[in-house]
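Peer 1: Build me a structure from this.
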Amino acid sequence: MTDVRETDLRPAPPADGPSDLHVVVGAGGAVGRLVVGHLHAAGVRVRAVTRDGRDVGTPGAEAVAADARDGAALAAVCRGAVAVHHCVMPEFSRWTEQFPVVTDALVHAARAVGARLVYADDTWMYGRVDRAMTEDTPWRPVSARGVLRAWLAERLLHAAADGGLRVSIARAGELYGPGVRSVIAGNVFGAARRGRPVHWLGDPDQPLTPTFVDDFARTVAVLGVRDTSDAAVWHVPHPPPTSGRALAAEACRQAGTRLLLLRYSAAQVRVLGRLVPLAREGAELVYQFEQPFEVDGSRAARAFGLPATPYEEGVRRTLAALSAAAAGRRPARRRVPAPLVPPPGG
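Peer 2: Below is the predicted model of the structure:
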């Protein structure tokens, strides 16, 4: 993990006072685990909240069990916190049912204890665009989950406008990296490592800024420590745009395999969805890869001195994690092909 102290992630309050406590809810996920690590490396006290109180891999972080849907329980575990980090990621098929409940519970908890609420968000609320997305891009969602994401962010910003709550929203593009399950992560890296065809949804030659998961986590951590606004949206910093084809080629180059890229249109994914429920769930997201998918995070980069992981390094770390995971488990008796449209995000 990159040392977050390189980005001057230092808390303003005294390190030995109660106000240096940061609570990460959803600490067992790919993003939450890294947020815990970044905060701990920066010298703040960290409470990692999962449903079962599991160890999330950062020695010195306090592990606590709580149900993220229970506002009263969350308020209890967040007592004394200066910031609460919302890294909860429900199952993709249960977003509509669970995301509003969890988010309202976290608003209640953060407001009850007087903490800043930092929300790990995506960019689906922007809808169809023809240029890089900035924090000022209008919200025009074209998918059901884009509407949901817009509604959740609007609720958070309204809660801040009503007073008694400070809100920071960190937005990432399509995630990739160790532990991530997303369209890119699921279709590119495992295939490249094994020398199999890379399945690409949409146009592989459109400009693209995939978000390395550690950059997302670093941004979420920094906002909890250094954002002083009452309410603000921040985009994760990214390297200059690449493309799906270039990213897949880099993955194959590092893996020592030959690139064979198979392209799928939205119509083809919808046909597949008649047979594979997961593909049906993800078909509404293919539009993102049929247009420029660029996230402009220069505002956060300037404000907080945040670096962006080069794609070459992000690919290397992703492939290394896959190789380590494969070496650490026994071979399965039967191979089950990876889904064409895995769940988005982390």
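Peer 1: drop to CA atoms for contacts and neighbour counts, all remaining ones
Peer 2: OK.
Peer 1: Just the strands from the stretch 51-200 of the chain, written as ranges.
Peer 2: 62-65, 81-86, 116-121, 166-171, 175-176, 198-201 (DSSP state E, counting those that start in this stretch).
Peer 1: a markdown table please, covering the ones you listed and showing mean neighbour count, mean pLDDT and distance to Trp95.
Peer 2: Converted to a markdown table, the strands of the stretch 51-200 of the chain look like this (neighbours: other Cα atoms under 10 Å; pLDDT from 0 to 100; distance: least, Cα to Cα, whole Å):
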| stretch | mean neighbour count | mean pLDDT | distance to Trp95 |
| --- | --- | --- | --- |
| strand 62-65 | 18 | 97 | 22 |
| strand 81-86 | 26 | 98 | 15 |
| strand 116-121 | 26 | 98 | 13 |
| strand 166-171 | 26 | 98 | 17 |
| strand 175-176 | 26 | 96 | 18 |
| strand 198-201 | 24 | 92 | 22 |
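Peer 1: Including distance to Gln288, could those go into CSV?
Peer 2: Converted to CSV, the strands of the stretch 51-200 of the chain look like this (distance: least, Cα to Cα, whole Å):
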stretch, distance to Gln288
strand 62-65, 36
strand 81-86, 24
strand 116-121, 16
strand 166-171, 15
strand 175-176, 13
strand 198-201, 9
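Peer 1: Arg131 is nearest to which of those?
Peer 2: Closest approach to Arg131 among the strands of the stretch 51-200 of the chain (Cα to Cα): strand 166-171, 16.5 Å.
Peer 1: what residues are up against Arg258?
Peer 2: By Cα atoms under 8 Å, 6 or more residues apart in numbering, Arg258 lies in contact with 192, 195, 252.
Peer 1: Low-confidence bits of this protein, can you list those?
Peer 2: 1-19, 273-282, 329-346 (pLDDT under 70).
Peer 1: Got the domain ranges for it?
Peer 2: 4-175+210-235, 181-208+240-293+309-322 (automatic domain parsing).
Peer 1: Out of those domains, which gets nearest to Arg302?
Peer 2: Per Cα to Cα, nearest to Arg302 of those: domain 4-175+210-235, 11.2 Å.
Peer 1: mind listing the helices for this protein?
Peer 2: With helices called from DSSP state H, the chain shows them at 30-41, 71-77, 95-113, 144-161, 183-194, 213-226, 244-255, 266-273, 277-282, 298-304, 311-327.
Peer 1: okay, those in TSV with mean neighbour count next?
Peer 2: Listed next are the helices of the chain as TSV, based on neighbours: other Cα atoms under 10 Å:
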stretch	mean neighbour count
helix 30-41	26
helix 71-77	19
helix 95-113	20
helix 144-161	18
helix 183-194	23
helix 213-226	26
helix 244-255	21
helix 266-273	16
helix 277-282	18
helix 298-304	16
helix 311-327	16
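Peer 1: Out of these, the one nearest Pro292 is which?
Peer 2: Per Cα to Cα, nearest to Pro292 of the helices of the chain: helix 244-255, 10.9 Å.
Peer 1: Neighbours of the residue nearest to Ala132 when sequence neighbours are not counted, how many?
Peer 2: What sits nearest to Ala132 in space, not counting adjacent residues and going by Cα to Cα, 6 or more residues apart in numbering, is Glu294, at 4.6 Å. By the criterion of other Cα atoms under 10 Å, Glu294 has 26 neighbours.
Peer 1: and Glu294, what does it touch?
Peer 2: 131-133, 173, 207-209, 241.
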